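Q: Structure of the sequence below:
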Amino acid sequence: MPGHAEPAQPPVPGARESIARNPKATHDFHILDTLEAGIVLTGTEVKSLRRRGASIKEAFGRISRGEVWIENLNITPYEQGNRYNHDPIRGRKLLLHRREIEKLVGAVERQGLALIPLELYFVRGRAKLQLALGRGKKAHDKREDLKRREADREVARAMAWKGRG
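A: Residues are numbered from 1 along each chain as shown. As a prediction, this is how the structure comes out:
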């Protein structure tokens, strides 16, 4: 029936609802380990995240006084937030277990690894950040990855072409 639209599907409870991703992270870093962290947010920040108003491309993690913080996480101001709006790139505290923080301190301070945000998402109404421990790639590593990806694409293309004929 023309003009008949199906009703919107309600979100599945417990499903992961992605807000922002950092696709450049795997290009620039060797990802060694990942973990999930909660984020301390204000009310207008949560409302802005529900409208997908965030970017984690420039963000990075740091450890200060036994706490883990995310810096440069850009959450756009909420339109109806008026004077209660937040600073878009303020530092935000991450919620992790003490054991996880100690593991991160060891990796960042002793091994020289970086804390890289991979994805920002909602799980059961709570904002979460997938955080990775990574080591920066050298230029030759990036060129090698590009060559490997190109070779994989050629193989997939050849297989698809062979499947047609």
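Q: other SSEs contacting the longest helix seen in the chain?
A: Ordering each helix of the chain by length in residues (DSSP state H) puts helix 139-164 first. On a contact count with 3 or more CB pairs under 8 Å, 6 or more residues apart in numbering; DSSP states H and E, helix 139-164 meets helix 25-28. Bear in mind the C-beta positions are built from the backbone N, C-alpha and C, glycine included.
Q: Quick check: next helix or strand after the helix it packs on?
A: strand 29-39 (DSSP states H and E).
Q: Quick one: low-confidence residue ranges for the chain.
A: Low-confidence segments of the chain, defined by pLDDT under 70, are located at 1-13, 165.
Q: cutoff 80 now
A: Residue ranges of the chain with pLDDT under 80: 1-14, 163-165.
Q: Do a quick rundown of the strands in it.
A: Assigned by DSSP state E, the strands in the chain fall at 16-21, 29-39, 54-55, 60-64, 67-71, 74-75, 92-95, 114-123, 126-136.
Q: Give me the buried positions along the fifth one.
A: Okay, so that is strand 67-71. V68, W69, I70, E71 (16 or more other CB atoms under 10 Å).
Q: the inter-axis angle of it versus strand 29-39?
A: Strand 67-71 and strand 29-39 meet at an angle of 110 degrees, taking axes from the mean of the first three to the mean of the last three CA atoms, to 10 degrees as the criterion.
Q: helices or strands next to strand 67-71 in the packing?
A: Packed next to strand 67-71, using 3+ CB pairs under 8 Å, 6+ apart, are strand 60-64, strand 92-95, helix 98-105, strand 126-136.
Q: center of this structure - which residue?
A: Closest residue to the average C-alpha location of the chain: E119 at 1.8 Å, with CA atoms, centre = their mean.
Q: Leaving out the residues flanking it, which one is nearest to that residue?
A: Among residues not flanking E119 along the chain, Q130 sits closest, at 4.4 Å (CB to CB, 6 or more residues apart in numbering).
Q: Can you give me every residue that contacts K142?
A: By CB atoms under 8 Å, 6 or more residues apart in numbering, the residues touching K142 are H27, D28.
Q: what separates the residue nearest to E119 from F29, distance-wise?
A: Q130 sits 14 Å away from F29, going by CB to CB, to the nearest Å.
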